[in-house]
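Undergrad: Build me a structure from this.
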Amino acid sequence: MSSSSRRTVLRGLALAAAATAVPLSGRAPAAASGISYGTGAGRVPPLRQMRGMWIASVVNINWPSKAGLSAEQQRAEYLGWLDLARARGLNAVFVQIRPTADAFWPSRYEPWSQYLTGVQGRDPGYDPLAFLVAETHRRGLAFHAWFNPYRVSMQADPALLHPDHPGRRHPDWIVPYGGKLYYNPGMPEVRAFVQDAMMDAVTRYDIDGLHFDDYFYPVNTPAFDDAEAYARYGAGFPDLASWRRENVDLLVREMRRRVRSVKPEIAWGISPSGIWRNRATDPLGSETSGGQSYDNLHADTRGWVRKGWLDYIAPQLYWYIGQSNADYAKLVPWWSDVVAGTGTQLWIGQAAYKAGAAGQPAEWSRPGELSGHLTLNEGHPEVGGDIWYNSGDVRDDRIGSISAVVTGHYTRPALSPLLPRLASGRAPGRPLVPLARRVRGGVELRILATGRNVPFQYAIFRLDRRAGAGDLADARHLVAVVPAARDLRWTDPAGTGGAYYHVVAVDRAGRLSPPSTGRRAHGGDPAGSGGREEA
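TA: Coordinates of the predicted model:
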């Protein structure tokens, strides 16, 4: 390749690296071998998109499917969820590892989760979190650790907590409400403790993201009895709600600082309920009439974005298009406006659990409802992808709603989003492709990592000509995203003699290497002599 041609390719790759928050479509490989897919529905898919699913552990919703399974059974179940993620074209999982002030790892702060063994504090016989992270990465998927900061128990009796549980040692930290137990967010020592408990996992494990959902204060009512803490710490606040909101703000702001200081390359974000405030309440609010996170949960979700406290926000837009009190088609542009210009990624929480489910409005019986959400998203370039709740519903695919999403939007591979603050970091080394040859079943590539570290993934591009400016920012040429290795053999089942291949190394943050020198597949010998490198 000439120096000028190489510069055009590098410019195209730079464009790809900058594409961090655009509506994308495409499908990731369905197996570790890197099976590739063709373009669907005539779309022109950009290169990056969040495609995640939530794997819930509280009350054994998803994984483990019930408490008390053996370690082998738990491992096998989790591998099944990873197989599902790849089969559905996803590139990330969000796994709940601290559902109720407990832990799916040997925590220094809180007991083993009862959802592992059936008994809080009982050692499951292995380190689940180490296994989860390693196996997720082995399949080229990102692992986001999902934490619930303040929920302590799904029942209301502190005496049923493990004898060494922090809530037993500090009963003044606990507030019972609604048949559950919560840590009191208004106590500084509680806020520091829950951060320490979560940061224990962040510092000790190789996770890709720290994730909260929408559980902060459970409700806006004095029945959540934090009056004593308010009297002690609430001086200067006009009312209880303002003080509570400040407490949640402090948690979010402090978590941002701690994550950035310890693991600056992981993503930190929150998936709140989808309505900040209604326009009837606040002129800055959305054209909705539903529950307001600002008022009901003391969560100033819009403020967190505008102040730059999050890497991403993933509002749970669990409503159908045209719903009278909360129209999906009105909330997506509202959230797009909120994140515009902030550098905060916008990923949409999608209600897979409602599609085709009994008791839902008739609109959720439309097989194409969820696919329609992603089509609508394409008109809003701020939307960088979706997270599906929950994995069981992604698996069940009632009325074919998930299949419609996959065939309509995930027919090409997609790289994970790149956080703008990480775009200028050190990129991985350019891989080498010394071999591209016809074999039975396609074209075999040999890919070699360069540099000290093996990258996370390889993005493999196939063209019918030499790559030009912008070609490697165009996912129509991206045939596979595969887990990387020091020396990898990979076969393109759709490859033919004469095709040109470029390979790009991808690190865990999503940064891209310069592309490999173009390798043209030799077309004359299916048994296979090596392809020649193009000058």
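
Undergrad: Just to check, L69 is in contact with E77?
TA: Yes - between L69 and E77 a contact is recorded at 7.2 Å, counting by C-beta atoms under 8 Å. Backbone N, C-alpha and C define where each C-beta goes, glycine included.

Undergrad: what about these two, which has more around it?
TA: A count of neighbours by other C-beta atoms under 10 Å puts L69 above the other of L69 and E77, at 19 against 15.

Undergrad: can I assume the more buried one sits in a strand?
TA: No - assessed with DSSP: H, G, I helix; E, B strand; the rest coil, L69 is coil; it does not lie in a strand.

Undergrad: how near is it to W146?
TA: 20 Å (C-beta to C-beta, to the nearest Å).

Undergrad: what does Y328 give?
TA: As defined by C-beta to C-beta, Y328 lies at a distance of 23 Å from W146.

Undergrad: my read: M50 touches I387, true?
TA: Yes - between M50 and I387 a contact is recorded at 6.8 Å, counting by C-beta under 8 Å.

Undergrad: Going along the chain, name the helices of the protein.
TA: Counting by DSSP state H, the chain has helices at residues 3-18, 71-87, 114-117, 128-138, 166-169, 188-204, 227-233, 240-262, 293-296, 301-306, 328-339, 369-377, 391-396, 401-409.

Undergrad: wait, which of these is closest to N453?
TA: Ranking the helices of the chain by their distance to N453 (criterion: C-beta to C-beta) puts helix 128-138 first, at 13.3 Å.

Undergrad: Residues in contact with the closest one: which ones?
TA: Here helix 128-138 makes contact (C-beta atoms under 8 Å, 6 or more residues apart in numbering) with 32, 74-75, 78-79, 82, 93, 95, 97, 104-105, 116, 142-143, 145, 201, 205-207, 456, 483.

Undergrad: Now that helix: buried residues?
TA: By 16 or more other C-beta atoms under 10 Å, the buried positions in helix 128-138 come out as P128, L129, F131, L132, V133, E135, T136, H137.

Undergrad: The residue nearest to A459 when sequence neighbours are not counted: how many residues sit nearby?
TA: Excluding the flanking residues, the one nearest A459 by C-beta to C-beta, 6 or more residues apart in numbering is V504, at 4.5 Å. Burial of V504, expressed as a neighbour count using other C-beta under 10 Å, amounts to 28.

Undergrad: Tell me the confidence at V504?
TA: According to the predicted model, the pLDDT of V504 comes to 97.

Undergrad: who are the neighbours in contact with it?
TA: For V504, the contacting residues are L13, P431, Y458, A459, F461, L472, L512, S513, P514, P515, S516, taking C-beta under 8 Å, 6+ apart as the criterion.

Undergrad: Can you give me the neighbour number for R151?
TA: Taking other C-beta under 10 Å as the neighbour definition, R151 ends up with a count of 20.

Undergrad: Please look at it and Y177 and confirm they touch.
TA: No - taking C-beta under 8 Å as the definition, R151 is not a contact partner of Y177, at 10.5 Å.

Undergrad: which residues does H211 contact?
TA: So, once contact is read as C-beta under 8 Å, 6+ apart, H211 ends up touching F94, H144, A145, W146, F147, G269, I270, S271.

Undergrad: rerun at 6 Å
TA: Going by C-beta atoms under 6 Å, 6 or more residues apart in numbering, H211 touches F94, H144, W146.

Undergrad: if I look at it, how far off is A314?
TA: Using C-beta to C-beta, one obtains 8 Å as the distance from H211 to A314.

Undergrad: Check G68 too.
TA: If you measure G68 against A314 using C-beta to C-beta, the figure is 32 Å.

Undergrad: More neighbours: which of these two?
TA: Just comparing G68 and A314: by other C-beta under 10 Å the higher neighbour count belongs to A314, 30 against 16.

Undergrad: residues near L82, how many?
TA: For L82, the number of neighbouring residues by other C-beta under 10 Å comes to 20.

Undergrad: give the contact list for it.
TA: L82 makes contact with R139 under the criterion C-beta under 6 Å, 6+ apart.

Undergrad: what's the domain layout of this structure?
TA: Using automatic domain parsing, the domain ranges for the chain come out as 3-9+423-526, 45-152+186-421.

Undergrad: Torsion angles phi and psi at G425?
TA: The phi/psi pair for G425 (degrees, to the nearest 10) reads phi -70, psi 180.

Undergrad: Spit out the contact partners of it.
TA: By C-beta under 6 Å, 6+ apart, the residues touching G425 are R511.

Undergrad: Over to the one 3 residues further on?
TA: Remark: with contacts taken as C-beta under 6 Å, 6+ apart, P428 is in contact with P455, A505, D507, S513.

Undergrad: Return the member of these nearest to G303.
TA: Within the set of the contacts of P428, D507 lies nearest G303; the separation is 32.0 Å, counting by C-beta to C-beta.

Undergrad: if I look at the residue lying closest to that closest one once chain neighbours are set aside, how far off is S286?
TA: Nearest residue to D507 in three dimensions, chain neighbours excluded: P428, at 4.7 Å (C-beta to C-beta, 6+ apart). Applying C-beta to C-beta, the value for P428 to S286 is 41 Å.

Undergrad: Then R395?
TA: Relative to S286, R395 is positioned 32 Å away (C-beta to C-beta).

Undergrad: neighbour count winner among the two?
TA: Per other C-beta under 10 Å, whichever of R395 and S286 has more neighbours is S286, with 24 against 17.

Undergrad: Any chance of the helices of the chain in a markdown table with mean pLDDT and distance to R438 as columns?
TA: Shown next, in a markdown table, are the helices of the chain (pLDDT from 0 to 100; distance: least, C-beta to C-beta, whole Å):
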| stretch | mean pLDDT | distance to R438 |
| --- | --- | --- |
| helix 3-18 | 39 | 24 |
| helix 71-87 | 98 | 27 |
| helix 114-117 | 98 | 50 |
| helix 128-138 | 98 | 29 |
| helix 166-169 | 97 | 63 |
| helix 188-204 | 98 | 47 |
| helix 227-233 | 97 | 71 |
| helix 240-262 | 98 | 48 |
| helix 293-296 | 96 | 57 |
| helix 301-306 | 98 | 51 |
| helix 328-339 | 98 | 46 |
| helix 369-377 | 97 | 37 |
| helix 391-396 | 98 | 37 |
| helix 401-409 | 97 | 30 |
